[in-house]
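[1] Fold the following for me, if possible:
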Amino acid sequence: SQLSINYSFGQPKSSMLLLPYAPVVNFVNNHLDKSKVNARIQWSTSKHHQKDWEHDSVEDILNLKHNAGLMLELVATKNIEQGDEVFLDYSSRLGHGVESLRGELVTPGK
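    As a prediction, the model looks like this:
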């Protein structure tokens, strides 16, 4: 449904969308004032993340015997104090504006 797409993460060079389902995602929002943005999404640095899948097609991943392994991390870009809200830039870098609600994935260290 459109609601699922609205809360998914993707990027323009891929047809894949990743839907976050950890409890913390309920507390992350967009902010129109980009100076208030204090977090970003990136590929996970966990040993459970399948880094070699990052550039595979959706079809390639679906054809694997085990297709769980792409993971995202929410990373603070500024100090976030207790009680502060967590804000992402939902998609202005993609040129779609806030209405698309999709964040661009980045590789750690880039």
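[2] and the residue in the chain sticking out farthest from the centre, backbone torsions?
    Computed with CA atoms, centre = their mean, the residue of the chain farthest from its C-alpha average is Lys65, at 24.4 Å. Backbone torsions of Lys65, given as degrees, to the nearest 10, read phi -60, psi -40.
[3] Return the per-residue confidence for Val98.
    Note for Val98: predicted pLDDT of 38.
[4] Distance check, the closest residue to Met16 other than its chain neighbours against Phe87.
    Of all residues not flanking Met16 in the chain, Val58 sits nearest, at 4.9 Å (CB to CB, 6 or more residues apart in numbering). No exception for glycine: its C-beta is placed from N, CA and C like everyone else's. As judged by CB to CB, to the nearest Å, Val58 and Phe87 stand 29 Å apart.
[5] Looking at these two, which is more packed in?
    Neighbour count, other CB atoms under 10 Å: between Val58 and Phe87, Phe87 has more, with 21 against 12.
[6] Doesn't the more buried one lie inside a helix?
    No: assessed with DSSP: H, G, I helix; E, B strand; the rest coil, Phe87 is strand; it does not lie in a helix.
[7] Dihedrals phi and psi, the residue lying closest to it once chain neighbours are set aside?
    Nearest residue to Phe87, sequence neighbours excluded (CB to CB, 6+ apart): His31, at 3.9 Å. Dihedral pair for His31: phi -130, psi 130, per degrees, to the nearest 10.
[8] Let me know how buried His31 is, in neighbour terms.
    The burial count for His31: 16, using other CB under 10 Å.
[9] contacting residues for it?
    Val37, Phe87, Asp89 (CB atoms under 8 Å, 6 or more residues apart in numbering).
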